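Trainee: Take a look and give me a structure for this.
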Amino acid sequence: MNRAKAIKFWREIRNTTFISEAISKFHRYHKDSSERTLERYVQANTAFEKNENINDQALKQIASAIGWKVPFLKKVYEWWASEFRKPVQNISESSNYTPEILPPTEIQRHWDNLESLGKEFRDSIVFPDITTALKLNLYTADLTRNRPVKNDPMEVFSYDTGVSTIVNDPLFPYLKKHLGGNACWGKLDELAIKYSEFIKSAMKARKAIYEIFDKAFPDQIMPSTKEILVDSIISDISQRVSGISGIDFDYNITQEKDGWSLQLGAWRIMTCGKRQIPEQIIELHKNLHQTLPKKHEVMTLINAEKELKLAVIEFRHSLLPDDLLRKYIRSGHCELCS
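Mentor: The predicted structure is shown next:
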């Protein structure tokens, strides 16, 4: 975990009493940081707060308790102290340790934090693929409100995109002021519209495919079985759209004690009655495997995904490259810069 992520995590745990939930939430959006690693950062924060005088001896004791090496803990403490302890203490009493950088001024540190948040804002908007999007609840994306999306583009992004974590950061309002005239906000409006269209298209496609199985097998198989069949077909389409070869479904039928099982690659379903039912399912499944990409609802979904990906690229380009983002932030102003 780098300095910016560590400070962001420490801010979150210092503002909540639900540490375990904060760890799980942070891990969900930063997969490179395991929950065990985050627990160690919590331990480090607690130890730093309790110790007024952090010296080499104190660091050795903390490192031993946490399970980190002393040189790494020294670096972590420099991060922590630059944000939460003023002035930054000199933690090195030996000549073989040199801090990576000098403690920045308050304004410089503020700019650095805004830059880190800006990069996260640019890079962490991760949208679900077709398979995942089909399972999203429209209400979580807040698409049911009867008003233009551009009034508040953040509302159309579901929690799964990672946007909520960023916009709830205490520094986000200041980032908006520094990037007040930037093109990224217009691109974000367009992105929000494309995202809502993508989710709606995904829901319509799933409903259309489900209805095909429901019409063919109204009573012969359970609704949950039909959902599994839809998932398998959609996953195959999603792979092919992404340029990956389609799924090898195998179509293996096995007689069980209470009926017949049908293995469709990673998906397995159970049917009752005669062997004729799974055979009919295979026939329809094979047909849909070939014809569904040409179905109107599926074609609309595929096009919506392509447009969404393009909108994501355009949004990110509005804040690229890093040195340009840095220039935007340093040429901006907010009340914390005074």
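
Trainee: rest of the way, CA atoms for contacts and neighbours
Mentor: Fine.

Trainee: Now do stretch 269-289: distance to the chain's middle.
Mentor: Relative to the centre of its chain, stretch 269-289 is centred 36 Å away, using C-alpha atoms, centre = their mean, to the nearest Å.

Trainee: cool, and stretch 170-189?
Mentor: With C-alpha atoms, centre = their mean, you get 20 Å for stretch 170-189.

Trainee: May I see the buried residues of it?
Mentor: Leu171, Phe172, Tyr174, Leu175, Lys176, His178, Leu179, Cys184, Trp185, Lys187, Leu188, Asp189 (16 or more other C-alpha atoms under 10 Å).

Trainee: Filter these down to just the ones in strands.
Mentor: Using DSSP state E, no member of the buried residues of stretch 170-189 sits in strands.

Trainee: Quickly list what Ile253 is bridged to.
Mentor: According to DSSP bridges, the residues that bridge with Ile253 are Leu262.

Trainee: what separates it from Trp260, distance-wise?
Mentor: Note on Ile253: its distance to Trp260, by C-alpha to C-alpha, to the nearest Å, is 7 Å.

Trainee: what touches both of the two?
Mentor: Pro278 (C-alpha atoms under 8 Å, 6 or more residues apart in numbering).

Trainee: pull the helix or strand with minimum mean pLDDT from this structure.
Mentor: helix 163-167 (a mean of 62; mean pLDDT, DSSP states H and E).

Trainee: looking at this, Ile125 is in a strand?
Mentor: No - Ile125 is assigned coil when assessed by DSSP: H, G, I helix; E, B strand; the rest coil, not a strand.

Trainee: Break down this structure into its strands, ranges please.
Mentor: Here the chain has its strands, by DSSP E, at 250-256, 259-264, 267-271.

Trainee: Pipe those strands into a markdown table and attach mean pLDDT per row.
Mentor: Shown next, in a markdown table, are the strands of the chain (pLDDT from 0 to 100):
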| stretch | mean pLDDT |
| --- | --- |
| strand 250-256 | 89 |
| strand 259-264 | 90 |
| strand 267-271 | 89 |
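
Trainee: Which of those sits closest to His110?
Mentor: In terms of C-alpha to C-alpha, the element of these nearest to His110 is strand 267-271, at 50.9 Å.

Trainee: what packs against the closest one?
Mentor: helix 223-241, strand 259-264 (3 or more C-alpha pairs under 8 Å, 6 or more residues apart in numbering; DSSP states H and E).

Trainee: Could you rerun that using 7 Å?
Mentor: Strand 267-271 is packed against strand 259-264, with contacts defined by 3 or more C-alpha pairs under 7 Å, 6 or more residues apart in numbering; DSSP states H and E.

Trainee: which residues are contacting the strand it packs on?
Mentor: 249-255, 268-273, 275, 278 (C-alpha atoms under 7 Å, 6 or more residues apart in numbering).

Trainee: Could you provide the buried residues of stretch 170-189 in TSV, with additional columns for pLDDT and distance to Lys5?
Mentor: As requested, the buried residues of stretch 170-189 are exported to TSV (pLDDT from 0 to 100; distance: C-alpha to C-alpha, whole Å):
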residue	pLDDT	distance to Lys5
Leu171	84	13
Phe172	84	15
Tyr174	89	18
Leu175	90	16
Lys176	89	20
His178	92	21
Leu179	91	21
Cys184	88	23
Trp185	85	24
Lys187	86	25
Leu188	83	23
Asp189	81	27
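
Trainee: for those residues, which one is nearest Glu115?
Mentor: Closest to Glu115, out of all of the buried residues of stretch 170-189 and judged by C-alpha to C-alpha, is Leu175, at 8.4 Å.

Trainee: separation between the closest residue in space to the closest one that isn't next to it in sequence and Arg14?
Mentor: Using C-alpha to C-alpha, 6 or more residues apart in numbering and skipping residues adjacent in sequence, the residue nearest Leu175 is Leu114, 6.0 Å away. Applying C-alpha to C-alpha, the value for Leu114 to Arg14 is 19 Å.

Trainee: who's more crowded, the two?
Mentor: Using other C-alpha atoms under 10 Å as the criterion, Leu114 and Arg14 rank with Leu114 on top: 23 against 14.

Trainee: Could you check how far that one is from Asn45?
Mentor: Distance, Leu114 to Asn45, using C-alpha to C-alpha: 22 Å.
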